[in-house]
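In: 3D, please:
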Amino acid sequence: MARSQESEITWSNLGPELLDRAPRYLIYFLLFYAPFCYGLRNGVGEPFFVSVAYVAFFLHCWKCYLDDRWPRVPGWLVFCMSLIALQGLWMCLNADSYHRWHRELITVRFFLPPPPFPDLPGSRDVFASPVQFFPQLAVFCLMLIVVNQRSDKRKAILIVAAVCAVTFAIMGASMKISGEKLLRLYWDFPSWRTYLTVFGPYRYHANAATFLVMGLALVLGIVIDAKSKGRKTIYFLALMGSILIAWAIYLNTSRAGWLLSVIVLALFAPRFLIVVARDNHGEESPLKFRVTVIVSVIAITIAVAAAFAADTDYRLRKLLETSDKLSERFPLFLFLQMVGDTPLLGFGPGTFSFVFPKYQLASPELFRLDRYLNEAHQDYFQLFIDWGPLTFTAWCAILFVPLIRFALDRFDRGASALHFACFSGALVVLIHATMDFPLQITSLLFYFGLLLSGLIGTSRTAKSPGPDNHAQVDRAEA
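Out: Have a look, this model is predicted:
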């Protein structure tokens, strides 16, 4: 197995070694900072996150310059990210142009300076677009850093992310059990009912569920990896971590979290059963496999029964109300009207809540006027409306191509457990994006980007021979 070893830091190589390690250490820091700082929602902590991400990317590029090498990034990824970055910068620069400048004669012209090019496309809102776009660009920068890490370094980043998810689960579950006393460390609401939708640092329980499910996938990947390699201590710790995350998902009141966790468990179950059923020679024992399946089915049945034994009426009522809740916050007919009116470059990142009221006022029978929709609760519609058809295609490539390439290139040859964890975690986020807005939350987009980076790093093709080629190291370890 090929591995890259970090050289020992001495006075002679102190500068280059620190420059090489600093971006990765900053990512370690952001892994814990992002979810615990209110999940980086509504701008809380986002400017600091963006600043640290840009510093990490600058240091990474500086090290590449000193080493006289280009970062190793797939061409399609560079093109898609560059297209999104250039359009986002332009839309922020020329915000409040023809969408508002020629229509709102008093408010815009009195309070705001004119856009540089008032007759050219620009964002619908001069304030909302930078708040949404620059964190997204920061996540792209962090993804490029992770893609350029060697496979053992990418694995270390994913393991730290899994540890963070377990820590988050312990904290959120403890706050949920203790009730209002610990919850008030983060939140202060006048009504106790408001606390029902809070989980740990996340104000919205569905966002917390997405984070926990991504963590569950990573921890289960570590469980299978440790079991197959006979690392009993790591296997035990990871197994306990997965149980803690599953417990936190159960305590959280998000129906999406319950559904997504079942999907993750279903994806991992066959791999886990195969690993457990193998004997000491690495061959599958038919009898041991059957016994393992029977025991697993019994355990899952007992776990499901226990989950619904407490607050059965409440949980069943929430599940039965799922379709009604989705229809209340997902006016499909209005979204289709918005898609038809969306210009080539969209209305600008983060401007959905400014565009939607126009259609809401025109059709109050479809969406009541006393209700406010700050997000589309459907990320694909929202990305299309914000970015337009051209750049929406680039977004879809970034979101889906790594999963498709992994499925085509790796399933037939066998993928490592941690790579499969990246695939499973990213897949459930994309599923959740069809009925909510996880990709609009910076911390969730950051962790989702790490999962995609793990998949992108495994599919790079070799360009030159030699021990320093990252792609050869990746294939040797897969």
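
In: My read is that residue 159 contacts residue 222, right?
Out: Yes. The pair residue 159 / residue 222 is scored as a contact, 6.7 Å apart, by Cβ atoms under 8 Å. Every C-beta, even on glycine, is put in place using the N, C-alpha and C of the backbone.

In: between those two, which one's more packed in?
Out: Legend: neighbour count by other Cβ atoms under 10 Å for residue 159 and residue 222, higher for residue 222 (25 against 18).

In: Surely the more buried one is within a strand?
Out: No. Counting by DSSP: H, G, I helix; E, B strand; the rest coil, residue 222 falls outside a strand, being helix.

In: That one and residue 236 touch, don't they?
Out: No. Taking contacts as Cβ under 8 Å, residue 222 lies outside contact range of residue 236: 11.2 Å.

In: For the helix or strand where residue 171 lies, buried residues please.
Out: Using DSSP states H and E, residue 171 falls within helix 151-178. The neighbour-count check on helix 151-178 (16 or more other Cβ atoms under 10 Å) flags 151-155, 157-173, 175-176 as buried.

In: Who are the packing partners of it?
Out: On a contact count with 3 or more Cβ pairs under 8 Å, 6 or more residues apart in numbering; DSSP states H and E, helix 151-178 meets helix 14-36, helix 180-183, helix 205-229, helix 232-251, helix 417-432, helix 442-458, helix 470-477.

In: what's the pLDDT at residue 334?
Out: pLDDT recorded at residue 334 is 89.

In: and the gap between it and residue 392?
Out: According to Cβ to Cβ, to the nearest Å, residue 334 and residue 392 sit 18 Å apart.

In: how about TSV for the helices and strands packed on helix 151-178, with distance to residue 194 and mean pLDDT added?
Out: Output for the helices and strands packed on helix 151-178, formatted as TSV (distance: least, Cβ to Cβ, whole Å; pLDDT from 0 to 100):
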stretch	distance to residue 194	mean pLDDT
helix 14-36	20	89
helix 180-183	10	80
helix 205-229	11	94
helix 232-251	17	90
helix 417-432	23	94
helix 442-458	21	93
helix 470-477	47	42
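
In: and of those helices, who's closest to residue 138?
Out: helix 442-458 (8.0 Å; Cβ to Cβ).

In: Measure how that closest one sits relative to helix 417-432, angle-wise.
Out: Between helix 442-458 and helix 417-432, the angle comes out at 130 degrees (axes from the mean of the first three to the mean of the last three Cα atoms, to 10 degrees).

In: okay, helix 442-458 in CSV with CA atoms only?
Out: Extracted C-alpha coordinates of helix 442-458, given in CSV (Å, rounded to 0.1, in the frame of the first residue of the first chain):
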residue,chain,number,x,y,z
THR,A,442,-23.2,27.2,4.3
SER,A,443,-22.2,24.6,6.9
LEU,A,444,-24.2,21.9,5.1
LEU,A,445,-22.8,22.9,1.7
PHE,A,446,-19.3,22.8,3.2
TYR,A,447,-19.7,19.2,4.5
PHE,A,448,-21.4,18.2,1.3
GLY,A,449,-18.5,19.7,-0.7
LEU,A,450,-16.1,17.6,1.4
LEU,A,451,-18.0,14.4,0.4
LEU,A,452,-17.9,15.4,-3.2
SER,A,453,-14.2,16.2,-3.0
GLY,A,454,-13.6,12.7,-1.6
LEU,A,455,-15.3,11.3,-4.7
ILE,A,456,-13.6,13.6,-7.1
GLY,A,457,-10.2,12.8,-5.7
THR,A,458,-10.7,9.1,-6.3
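
In: begin at 15 from here
Out: That works, and once the first residue is 15, the last one we named lands at helix 456-472.

In: what helices or strands is it leaning on?
Out: When contacts are defined as 3+ Cβ pairs under 8 Å, 6+ apart, helix 456-472 packs onto helix 28-50, helix 60-80, helix 142-161, helix 165-192, helix 219-243, helix 393-424, helix 431-446, helix 484-491.

In: Including distance to residue 364, could the helices and strands packed on helix 165-192 go into TSV?
Out: As requested, the helices and strands packed on helix 165-192 are exported to TSV (distance: least, Cβ to Cβ, whole Å):
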stretch	distance to residue 364
helix 28-50	18
helix 194-197	29
helix 219-243	17
helix 246-265	29
helix 431-446	20
helix 456-472	11
helix 484-491	35
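
In: of all those helices, which lies closest to residue 375?
Out: The nearest among these, by Cβ to Cβ, is helix 219-243 at 27.4 Å.

In: quick one: buried residues of that closest one?
Out: Buried residues in helix 219-243 (16+ other Cβ under 10 Å): 219-242.

In: name the helices or strands packed onto that helix?
Out: Helix 219-243 packs on helix 165-192, helix 246-265, helix 269-291, helix 431-446, helix 456-472, going by 3+ Cβ pairs under 8 Å, 6+ apart.

In: Redo those helices as CSV? Include distance to residue 73.
Out: Compiled in CSV, the helices and strands packed on helix 219-243 are given as follows (distance: least, Cβ to Cβ, whole Å):
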stretch, distance to residue 73
helix 165-192, 15
helix 246-265, 31
helix 269-291, 34
helix 431-446, 25
helix 456-472, 17
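
In: among these, which is nearest residue 383?
Out: Taking Cβ to Cβ, helix 269-291 is the member of the helices and strands packed on helix 219-243 nearest to residue 383, at 27.3 Å.

In: Could you tell me the angle between that closest one and helix 246-265?
Out: Counting by the same axes, to 10 degrees, helix 269-291 lies at 150 degrees to helix 246-265.

In: Give the buried residues for helix 269-291.
Out: For helix 269-291, by 16+ other Cβ under 10 Å, it's 269-275, 277-279, 281-282, 285-287, 289-291.

In: same check, this time on stretch 193-209
Out: Buried residues in stretch 193-209 (16+ other Cβ under 10 Å): 197, 209.

In: Mind listing residues that contact stretch 357-364?
Out: Contacts to stretch 357-364, defined as Cβ atoms under 8 Å, 6 or more residues apart in numbering, come from residues 101-102, 104-106, 109, 113, 135-139, 142-143, 145-147, 150, 368-369, 398-406.

In: which of those are buried?
Out: 101-102, 104-106, 109, 113, 135-139, 142-143, 145-147, 150, 368-369, 398-402, 405-406.

In: Sticking with residue 386, tell me its helix or strand.
Out: Going by DSSP H and E, residue 386 is not part of any helix or strand.

In: confidence score at it?
Out: 76.

In: residue contacts, the closest residue to residue 101 other than its chain neighbours?
Out: Spatially, and ignoring its direct neighbours in sequence, residue 101 is nearest to residue 405 (5.2 Å; Cβ to Cβ, 6 or more residues apart in numbering). Neighbour list for residue 405: 97-98, 101, 359-360 [criterion: Cβ under 8 Å, 6+ apart].

In: Pick out the one among the residues you listed with the largest number of neighbours.
Out: Using other Cβ under 10 Å as the neighbour criterion, residue 360 leads the contacts of residue 405 with 25 neighbours.

In: That residue looks like it's in a strand, true?
Out: No. Applying three-state DSSP, one finds residue 360 to be coil, outside a strand.

In: and it, what pLDDT?
Out: So, for residue 360, pLDDT stands at 94.

In: Look up phi and psi at it.
Out: Phi and psi for residue 360, reported as degrees, to the nearest 10, are phi 70, psi -180.

In: From residue 178, how far out is residue 419?
Out: Residue 419 is 27 Å from residue 178, where distance means Cβ to Cβ.
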